[in-house]
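Engineer: Kindly generate the corresponding structure for this input.
(one chain, ligands or ions: 1)
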Amino acid sequence: MTDLVSASAPGKIILVGEHAVVYGRPAIAVPVWDVQARATIAPAAPGAGCTLHAPDLGQILPLADAPPDNALALILRLTLAHLSLPPFPDWTVTVTSQIPIASGLGSGAALATALVRAVFAKAGKTAQPDVVSDLVFQSETLYHGTPSGIDNTVIAFGQPVWFVRGTPPITFSPRLRFALAIADSGIAAPTKETVGDVRRSWQAAPAKFEVLFDRMGGIATQVRGLMEQDGGEVGRWRALGGLFRRNQQLLAEIGVSSEPLERLIEAAQAAGSFGAKLSGGGRGGNIIALVDPAHPQPVIDALTAAGAKRVIFTTVGKK
Ligand code: PMV
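Structural biologist: Next comes the predicted model:
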């Protein structure tokens with residue numbers, strides 16, 4: 001076994017299709033490389049056993065004492081078993097993350113992915129993305145119950161994912177490069193609440209909501225088309241921005257936008273964003289604004305001035 005090993009994984013963000021995806025329409029999510037999770041494994045003294053350190057969480061835990069619902073211990077145990085390694089190797093495992101937690105950026109799946117990769121590296125094995133993705137999915141199933149499979153796929157493959165509920169997520173390679181400013185409203189996204197509210201509204205007016213979901217699905221199809229096709233970048237950024245704006249209107253219509261999110265979206269667009277929308281569950285959480293990769297600063301500054309607690313700038317697609 002190798003001595004000190006380290007591995008990382010990106011965050012993720014939903015581009016289009018949130019909420020409609022719950023009703024069988026497609027959604028697209030992309031990796032966010034500008035915030036990452038990292039796992040490091042160092043050898044410990046013989047007989048010391050395995051200790052998990054999560055300094056961000058102030059957690060130091062011997063693996064042998066970890067409760068069954070500890071997410072990191074769960075993925076570590078699964079990976080050790082998958083590789084037929086001893087259940088308590090003499091290791092110090094440290095995980096750190098730049099990814100804000102519980103904000104739709106996939107922090108849990110990214111930490112798990114980094115950890116799986118580090119264990120594979122420690123064992124001198126190559127971690128294939130499909131195997132990593134499956135292990136992270138298994139751990140998320142044990143932890144959350146019913147994960148969609150988006151997070152583990154985007155993060156383990158490091159590629160955009162086309163996702164339709166009930167079918168295996170499909171990764172694809174974008175030919176369009178584009179840039180996003182991801183602005184955090186500072187309000188925790190109450191995803192359970194918004195998903196529940198949308199369900200009640202859909203039950204009360206199914207025909208109307210099916211039409212709205214169809215439109216969102218249509219937007220996801222067009223976004224994928226723009227991402228995969230060749231041609232001038234600026235024209236496609238404008239088209240993509242227009243689709244973000246339309247998707248946002250539809251999200252507002254189903255009741256998941258909010259005044260703070262609208263304020264951020266308007267500020268971004270007034271400062272030159274091609275188009276902006278909420279991302280994820282809505283009401284709180286993040287908005288994404290499509291920006292010119294060479295001149296993102298005016299939009300970033302406008303978002304900060306409009307109250308964003310944090311702005312992450314990221315590029316999607318070929319560099
Ligand atoms: O929390 P996020 O950003 O991964 O997104 C939630 C997406 C929803 O469509 C609102 C809910 C879901 O389970 O798909």
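Engineer: Confirm residue 179 sits in a strand?
Structural biologist: Yes - looking at residue 179 with DSSP: H, G, I helix; E, B strand; the rest coil, it is inside a strand.
Engineer: Surely it is in contact with residue 300?
Structural biologist: No - counting by C-beta atoms under 8 Å, residue 179 stays clear of residue 300, with 10.5 Å between them. Every residue, glycine included, has its C-beta placed from N, CA and C.
Engineer: joint contacts of those two?
Structural biologist: 291, 313 (C-beta atoms under 8 Å, 6 or more residues apart in numbering).
Engineer: Burial check on whichever residue of the stretch 101-250 of the chain sits closest to the ligand, number of neighbours?
Structural biologist: When scored by C-beta to the nearest ligand atom, the stretch 101-250 of the chain has residue 104 as its residue closest to the ligand, at 2.7 Å. By other C-beta atoms under 10 Å, the residues close to residue 104 number 25.
Engineer: sec struct for it, please.
Structural biologist: Residue 104 - assigned by three-state DSSP - is coil.
Engineer: Contact partners for the residue nearest to it when sequence neighbours are not counted?
Structural biologist: Sequence neighbours aside, residue 280 is the residue nearest to residue 104 in space, at 3.3 Å (criterion: C-beta to C-beta, 6 or more residues apart in numbering). Taking C-beta under 8 Å, 6+ apart as the criterion, residue 280 is in contact with 13, 14, 18, 103, 104, 189, 191, 286.
Engineer: May I have the phi/psi pair for the first one?
Structural biologist: Backbone torsions for residue 13, taken as degrees, to the nearest 10, come to phi -140, psi 150.
Engineer: Could you do the third one as well?
Structural biologist: Recorded main-chain torsions at residue 18 are phi -60, psi 150, according to degrees, to the nearest 10.
Engineer: That one reaches residue 27, doesn't it?
Structural biologist: Yes - contact criterion C-beta under 8 Å: residue 18 and residue 27 qualify, at 6.2 Å.
Engineer: Looking only at neighbour counts, state which of the two leads.
Structural biologist: Legend: neighbour count by other C-beta under 10 Å for residue 18 and residue 27, higher for residue 18 (28 against 25).
Engineer: And the more buried one, how far from the ligand?
Structural biologist: Residue 18 is 4 Å from the ligand, where distance means C-beta to the nearest ligand atom, to the nearest Å.
Engineer: Now that residue. Nearest residue, chain neighbours left out?
Structural biologist: residue 280 (5.7 Å).
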